[in-house]
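Colleague: dropping a prediction and its sequence here:
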Amino acid sequence: MAYRINLLFVRETIKMITDFLDIFFPKRCLSCHKESSYVCPDCFAKIPLQRSLRCYVCAKRAPNGKTCPACKTKIGSCLTGLAIASDWKNMLVRQMIYEFKYRFIKDLADPLGNLLIKFFDLNKIELNKIINFQILIPVPLHKRRLSWRGFNQAQLLAFQLNKHLNIELIDNLLIRRRYTLPQMEIKDRNQRIKNVSGIFSVDPQNQNAIRDKIVLLVDDICTTASTFENCAKALWPLKPKQIWALAVARD
Ligand SMILES: [Zn+2]
Ligand SMILES: [Zn+2]
């Protein structure tokens, strides 16, 4: 309990300082520091977007965005495909994600969500073109991390897609059962895989929510893809038609 109160105290203090600074100092672009929103239109336009879809396992070009069947079998993945919208090497993308998640700047859900929407348009995988995504599922946070951050960053991104692309969002089906270290804080690949293995389950009340539907999992960053794979494994017994995944960047 004391731990939770401390976390809440830290978050509220950071939020108070940020709100205070916002009153006296106008918002500036994270990249060029021009007075504007957190990302000015010029800097936003320069953020690179992936222009080709690749198999997330072997990185070979995949015109339809699908994981190669051989790669899928080799690693036992339930993901039909995983798309990465932008590039982790881009400093503005990194900074946006950092400020979003660790300085709790919720407003950054707008430019980050817009990146995902722009990526959709660019690669023509938007609704009714190549893949008819029917359900959006944000990668859930453990309730302890949710109360620390105050919001689930993946849910805010999925909400942007829900608004702009009109795809149904379901955020009460997938549950993160165990509290784990953030994947980015673990350097060893095998440890990352172990860290998220079997940590997701589904709400037993909601067994028919995704039956025969094409599902798109959404998260901010993807590392080894094991978080997405474990989400897909937990959802697979509910008999969806396909499960895809989308992240802003891959570190
Ligand atoms: Zn700028
Ligand atoms: Zn492959």
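Modeller: Received it, and whenever you're ready, just let me know what you need. Numbers count the residues shown, from 1 in each chain. Ligands and ions are numbered 1, 2, ... in the order given.

Colleague: most centrally placed residue in the protein?
Modeller: Centroid-nearest residue in the chain: Asp219, 1.1 Å away (criterion: CA atoms, centre = their mean).

Colleague: ramachandran angles for the closest residue to that residue other than its chain neighbours?
Modeller: Distances taken as CB to CB, 6 or more residues apart in numbering put Val139 closest to Asp219, at 4.2 Å, once the chain neighbours are dropped. No exception for glycine: its C-beta is placed from N, CA and C like everyone else's. Main-chain torsions, Val139, degrees, to the nearest 10: phi -60, psi 120.

Colleague: so the residue nearest to the centre of the chain touches Phe228, yeah?
Modeller: Yes. In this structure Asp219 lies within contact range of Phe228 using CB atoms under 8 Å: 6.9 Å.

Colleague: overlap of the contact sets of those two?
Modeller: Shared contacts of Asp219 and Phe228 (CB atoms under 8 Å, 6 or more residues apart in numbering): 139, 245, 247.

Colleague: hang on, the last one in a strand?
Modeller: Yes. Applying DSSP: H, G, I helix; E, B strand; the rest coil, one finds Ala247 inside a strand.

Colleague: output the below-cut-off pLDDT ranges for this structure.
Modeller: 1-5, 7, 22-24, 124-130 (pLDDT under 70).

Colleague: related to what we said a few turns ago, so what's the residue count around the residue nearest to Asp219?
Modeller: 25 (other CB atoms under 10 Å).

Colleague: tell me the contacts of it?
Modeller: Val139 neighbours (CB under 8 Å, 6+ apart): 154, 174, 217-219, 227-228, 231.

Colleague: now do the contacts for Lys118.
Modeller: By CB under 8 Å, 6+ apart, Lys118 lies in contact with 49, 85.
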